Every structure is written in C-alpha cells, then in structure tokens.
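Colleague: Provided below are the primary sequence and the corresponding predicted coordinates.
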Amino acid sequence: QQQVKQSPQSLIVQKGGISIINCAYENTAFDYFPWYQQFPGKGPALLIAIRPDVSEKKEGRFTISFNKSAKQFSLHIMDSQPGDSATYFCAGTYSGGGADGLTFGKGTHLIIQP
Amino acid sequence: NAGVMQNPRHLVRRRGQEARLRCSPMKGHSHVYWYRQLPEEGLKFMVYLQKENIIDESGMPKERFSAEFPKEGPSILRIQQVVRGDSAAYFCASSVTGARYGYTFGSGTRLTVV
C-alpha cells in the first residue's frame, strides 16, 4: 500500500489556539481522505472527510484543507479545547482494485493545555 | 443500536499459544475489516471480509494468521503460535458499503504475548 505521511508526531497547543496537523500522500488514485480521532482505550472514530474535488471542508471547529497539486491535506482545529486531546489519524483510499482498506498515517498525539 | 463489538477487550497469551479475536459488526453491516495498531504506529490494514468470503487479505502475514466471517456469528481473527511481536491492539471495523464512506471501529482487543 502507498504511504500517507503525517506530521507532527506530537503537538501541544494552548486552549483556544489552532491545532494544525499535516498529511502528504503518494498514491494519486486516492479519492477519499478521512480523518479519525482516537481517545485512549477506544477505537478510532470518523471525524471529517474530504474528496479531492474540493479545496476545503468545514464542520464546526474542524476544517480540512486540501491541495491536490501538492498531494497534501491538513486538519485545522479552531479554538482547541482540552476535550480535543486525542490521537488523530489521516487516511486515504480509492475505489476499484482489489483492496478496499484505508491507508493510515502514523498519527498525531494532540494535547490541549488548559 | 449497538456499535461494533469486539471481545475480549484484553487478551494475554503465552508464546506458542493461539489467540482468537472476535468481532460482531454493526447491525446491517456486511463488510468487516481488521487492522493492527502497534505502539507509535498507525493502523495497518490486515484483511477485508464479507460474509463467507475473504475479499482482500493483502495485509495479513503469510503464516500463523487467518480470518473468517461465517454466515452466522462473528468474524474471527486467529493467530496461531503467537510470538511477542504479535503484541498489539487489533481493531475491527464494519461498514455498509465499503471503506469509501467511512468505517465504524470497535474498541479493539489488546493482545499481550508473554
């Protein structure tokens, strides 16, 4: 499977600040890019997703920015709150072919300091 | 409306024993995926199953690992002759129509090999 590179590995942000997590992908066949949020001891939960035909998608305080030419996308968390402290994973997938699985980045441990 | 149910939540096995991990998908979901998560690593796709069929097992180790999703009952991930390197969190996810619309993950089984 093609890689999805995610950075930073860990991030500390003050309450009320903006958290930014970046991802880059290699497989130009990817056409669906979800973000997952995982709390300790829990499974990942779908947070927000984007398709490459749009450059930005916003849901509440969470925004995905997508740059198709650079093969990069990022998650922005506005007005970050302590409850946002979790591990965030970006991912990519595509239709067709044999595999239907998602390719995940290695995750970002986000800590929001009160 | 129960989510994806995985059991056991924690499993301890001695080297050489067998581990059986169970996953009951959400009601109405016929697609099941297994992922492995190692510390400081992302989620690695292992296998994709539909009822009585393995659709894609490209992420499964060639030896000791097998998976099934019978007509009746949960999906089973079986690891024979476990080794310390098998220690990880194993997550099952299910979906209605495939990965493209996002998965619902279970809370995982944390396997420890001693």
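Modeller: That came in fine, so what should we check first?
Colleague: tell me the SS of the residue nearest the centre of chain B?
Modeller: The residue lying closest to the centre of chain B (C-alpha atoms, centre = their mean) is residue B:34, at 3.6 Å. On the three-state scheme (DSSP: H, G, I helix; E, B strand; the rest coil), residue B:34 is labelled strand.
Colleague: How many neighbouring residues does the residue nearest to it when sequence neighbours are not counted have?
Modeller: Counting by C-beta to C-beta, 6 or more residues apart in numbering or on different chains, residue B:46 is the residue found nearest to residue B:34 once chain neighbours are left out, at 4.4 Å. Heads up, the C-betas are built off the backbone N, CA and C, glycines and all. Number of residues near residue B:46 (other C-beta atoms under 10 Å in any protein chain shown) recorded here: 22.
Colleague: and the helix or strand hosting residue B:46, which strands flank it?
Modeller: Per DSSP states H and E: residue B:46 is located in strand B:43-50. Next to strand B:43-50 in the sheet, as set by DSSP bridges, lie strand B:31-37 (antiparallel), strand B:53-56 (antiparallel).
Colleague: What residues of it count as buried?
Modeller: B:43, B:44, B:45, B:46, B:47, B:48, B:49 (16 or more other C-beta atoms under 10 Å in any protein chain shown).
Colleague: which residues touch the fifth one?
Modeller: If I follow you right, that is residue B:47. B:33, B:34, B:54, B:56, B:57, B:59, B:60, B:67, B:77 (C-beta atoms under 8 Å, 6 or more residues apart in numbering or on different chains).
Colleague: Pick the most buried one from the strands paired with strand B:43-50.
Modeller: Counting by mean count of other C-beta atoms under 10 Å in any protein chain shown, strand B:31-37 has the highest mean neighbour count of these, with a mean of 24.
Colleague: Mind exporting the C-alpha coordinates of that strand to CSV?
Modeller: Taking C-alpha atoms only, strand B:31-37 is exported to CSV below (Å, rounded to 0.1, in the frame of the first residue of the first chain):
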residue,chain,number,x,y,z
HIS,B,31,-18.3,-5.6,5.3
VAL,B,32,-15.7,-6.3,8.0
TYR,B,33,-12.1,-5.1,8.2
TRP,B,34,-9.3,-6.0,10.6
TYR,B,35,-6.5,-3.6,11.5
ARG,B,36,-3.4,-3.9,13.7
GLN,B,37,-2.1,-1.0,15.7
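Colleague: Could you give the average pLDDT over that strand?
Modeller: In this model, strand B:31-37 carries a mean pLDDT of 93.
Colleague: re the thing from before, next up, the contacts around the residue nearest to residue B:34.
Modeller: So residue B:46 contacts B:33, B:34, B:35, B:36, B:57, B:59, B:60, B:65, B:67, B:77 (C-beta under 8 Å, 6+ apart).
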